[in-house]
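*Asks:* compute the structure for the input listed below.
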Amino acid sequence: MQYVRIFGRSIRDAFKGVFRNLSLSMASILCTTITLIVVAISIVLTYNINNFTKLIESDMSIVVFLKKDISKEEVTTVENKIKEVDNVVSCTYKSKADILKEMMETDSSLSSILSQYNDENNPLLSTFIVKLASKIGKKELSMIGCFISAASFILLFIIHTHNVLVWVGLIIVATIGTSMFNMVIWAMITDVIDESEVQTGVRQDGTIYSVYSFARKLGQACSSGLSGVLLSIIGYTSVQPLIQR
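*Replies:* Got it, this is the predicted structure:
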């Protein structure tokens, strides 16, 4: 019974403290809510970018249409030339008869229309489905983000603008580039975990995330310290001397 009274007294004092410092309590609740929202948005964006990059990697394909009167020898020649092109993973031939059959099986409404055609009056064209190797993956997206961010900051340094709108606009572009890198890098970590499991047979999520988090914090600390050293070298001071008039 004593513990119940202590617990009830603690709850009562807590509510009194909240109402006594209402503005501070609301500010704390608001900050916590905003932080959770930002974290949730970051997780969702990271997941979507990961799926987006995988979709790009898996769906890079080109459809090559062949002329109607092409011969079998010419089809073979075209196929060999396509396979000689760089970054071609596979080349699948589909005759116009096969395409007609697939279209009839896909949609019943089309089946009644297309049933009037045969091999002689088939209006469709034979094709090659060419699958390409991906050139835009997580690494390329992170490099693009870093390039966008670096270009924006370099432009800010060169133009040395005093226009607030220009400054804010370039900062937004730079932040978008940095955000692309920060989101894609977490998707890369999952690939590292999967690759480590394939190589060693042991899944080490905690170890890899810990090492990455430590290295990231170490890099951030070194960069912040280096920024302070560089500012000291050029003679920057945050306190402006008073000018005697």
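*Asks:* measure Val198 to Cys91 for me?
*Replies:* 29 Å (Cβ to Cβ, to the nearest Å). Using the backbone N, CA and C atoms, a C-beta is placed for each residue, glycine as well.
*Asks:* which one's more surrounded, the two?
*Replies:* Higher neighbour count among Val198 and Cys91: Cys91, with 18 against 9, using other Cβ atoms under 10 Å.
*Asks:* got the contact list for the more buried one?
*Replies:* Glu79, Ile82, Lys83, Phe128, Ile129, Val130, Lys131 (Cβ atoms under 8 Å, 6 or more residues apart in numbering).
*Asks:* rerun that using 6 Å as the cut-off
*Replies:* Listed by Cβ atoms under 6 Å, 6 or more residues apart in numbering, the contact set of Cys91 reads Glu79, Ile82, Lys83, Phe128, Val130.
*Asks:* report the buried residues of the helix or strand hosting it.
*Replies:* Following DSSP states H and E, one finds Cys91 within strand 88-94. Residues of strand 88-94 classed as buried by neighbour count (16 or more other Cβ atoms under 10 Å): Cys91, Tyr93, Lys94.
*Asks:* any idea which of the residues you listed is closest to Pro123?
*Replies:* Lys94 (15.2 Å; Cβ to Cβ).
*Asks:* distance of that closest one relative to Ile29?
*Replies:* 61 Å.
*Asks:* before we move on, the earlier item: now, of the contacts of Cys91, which are buried?
*Replies:* Glu79, Ile82, Phe128, Val130.
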